[in-house]
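J.: Next input, structure requested:
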Amino acid sequence: MSVSYLISSYNKAEYLAAVLESVAAELAVTGGEVFIIDDGSKDASWSLIRKFAESDRRISCRRQENRGIFNVTNQLIEFATKPWLRIIDCDDPLIGGSTSLMVKLAEENGADYIFGKTLMYGPQPLTDEQAKSHQRHPSSVTILSDPLRYAIRDYNHIPTAALMRRLSIPSALRLNENLISCQDLALALPVFQQARVARIDVAVCHQLVRNCKRLSANEALTYFQTIQILKEFGASRFDENYRYLSARKTVSRALKWMRHEKLITSAPQLYARLLFLYTTLLVSNPTRWEYYLDSAAEPYAGFIPADRRVY
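T.: Residues are numbered from 1 along each chain as shown. Alright, predicted model coming up:
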């Protein structure tokens, strides 16, 4: 049941200790290795990581100047040598017993990738009582009939909530390091294209919410990067059906976001164009798929951080 625990770290020292403790507990059960990359943290994260690495020879760590989560994810995947990978955010502690349960269920169901739910906490660090959560057995295991369709329409789980076979990741895969958010989706798309994917109905980790330092706290950035990832991946891999799904999903989301942010009056022409494009999708497939995605990306342009490298 050997697992590679792969941790990305950036300026989350107040949450990191609970994550490291939870990983140590999982490692004791499953065996394997731990690899941590600190991506230029300016807080106490690195000192916590070094102390943690000194406690067990199976733990390796590295510190670098800030290069972004895509660079870190590429390095973590390259490091992994064990049959199973669990990629972990530095603010999402694992639930005790979750890794061994997911390995067991994945192997029983012939799955290459398995994911569960999360328990929300925050913005305060995880309490001792919350950290004592133990894994419950799921009432069901669902095998996704079309994983790529799910990734396009419904993907919304954090990396820490998933476990994947190392061999399910294409050997030549290299995530685009010019992107800064949604690395989980960028990795899932090529995996889901070929993998057998399972979903369970119980929580497998804690998830930090209500914290502005999370990349996902910027919805505009998340939606914009999602479109860029779908466009990049789908250009040579999506058939007509997947192109239709991605166009309808992104245009619909852009319209909803503009209404929520009250941008209809400040950008009425853009809203009207997106509404027209969505209407055309109700009756036919897009003839200019890239145009639909590019149009859906326009509302977010003014909300993207200037520094496209730093978290």
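J.: The protein: strands as residue ranges?
T.: Ranges of strands within the chain are 3-9, 32-39, 59-64, 84-89, 113-121, 141-143, 162-165, 197-208, based on DSSP state E.
J.: how about the second one: buried residues?
T.: Buried residues in strand 32-39, counting neighbours by 16 or more other CB atoms under 10 Å, are found at Gly32, Glu33, Val34, Phe35, Ile36, Ile37, Asp38, Asp39. Any C-beta I mention is one placed from the backbone N, CA and C, and that applies to glycine too.
J.: Out of those residues, flag the one nearest to Ala220.
T.: Closest approach between the buried residues of strand 32-39 and Ala220, by CB to CB: Asp39, at 22.4 Å.
J.: Of the strands of the chain, give the one that comes closest to Ile264.
T.: Taking CB to CB, strand 113-121 is the member of the strands of the chain nearest to Ile264, at 31.0 Å.
J.: For the chain, give me the ranges with low pLDDT.
T.: Within the chain, the ranges that satisfy pLDDT under 70 run 306-311.
J.: so where do the helices sit in it?
T.: Secondary structure of the chain (DSSP state H): helices located at 13-30, 45-53, 69-79, 98-108, 128-131, 147-153, 183-192, 219-237, 240-260, 268-281, 289-297.
J.: Between helix 268-281 and the last one, find me the angle.
T.: Taking axes from the mean of the first three to the mean of the last three CA atoms, to 10 degrees, helix 289-297 and helix 268-281 form an angle of 140 degrees between their directions.
J.: Could you list every helix and strand that helix 289-297 packs against?
T.: helix 219-237, helix 240-260, helix 268-281 (3 or more CB pairs under 8 Å, 6 or more residues apart in numbering; DSSP states H and E).
J.: before we move on, the earlier item: hey, which of the helices of the chain is tucked in deepest?
T.: The highest mean neighbour count among these, using mean count of other CB atoms under 10 Å, belongs to helix 183-192: a mean of 22.
J.: Please tell me how far the residue nearest to Tyr244 when sequence neighbours are not counted sits from Asn71.
T.: Spatially, and ignoring its direct neighbours in sequence, Tyr244 is nearest to Asn285 (4.7 Å; CB to CB, 6 or more residues apart in numbering). Distance, Asn285 to Asn71, by CB to CB, to the nearest Å: 36 Å.
J.: now Arg136
T.: From Arg136 across to Asn71, the span is 36 Å (CB to CB).
J.: do Glu78 as well
T.: Glu78 is 11 Å from Asn71, by CB to CB.
J.: end-to-end on stretch 190-197?
T.: 12 Å (CA to CA, to the nearest Å).
J.: Name the surrounding residues that touch that stretch.
T.: 109-115, 143-144, 147-148, 150-151, 164-165, 168-170, 173, 233, 237 (CB atoms under 8 Å, 6 or more residues apart in numbering).
J.: One more: stretch 64-80?
T.: Defining contact as CB under 8 Å, 6+ apart, one finds that stretch 64-80 is touched by 4, 6-8, 10, 33, 35, 37-40, 60, 62, 85, 87, 166, 169, 173-181, 183, 186-187, 215, 309-311.
J.: try stretch 245-264
T.: Here stretch 245-264 makes contact (CB under 8 Å, 6+ apart) with 149, 152-153, 219-220, 223, 226-227, 230, 234, 238, 267, 270-271, 274-275, 277-278, 281, 286, 289, 292-293, 295-300.
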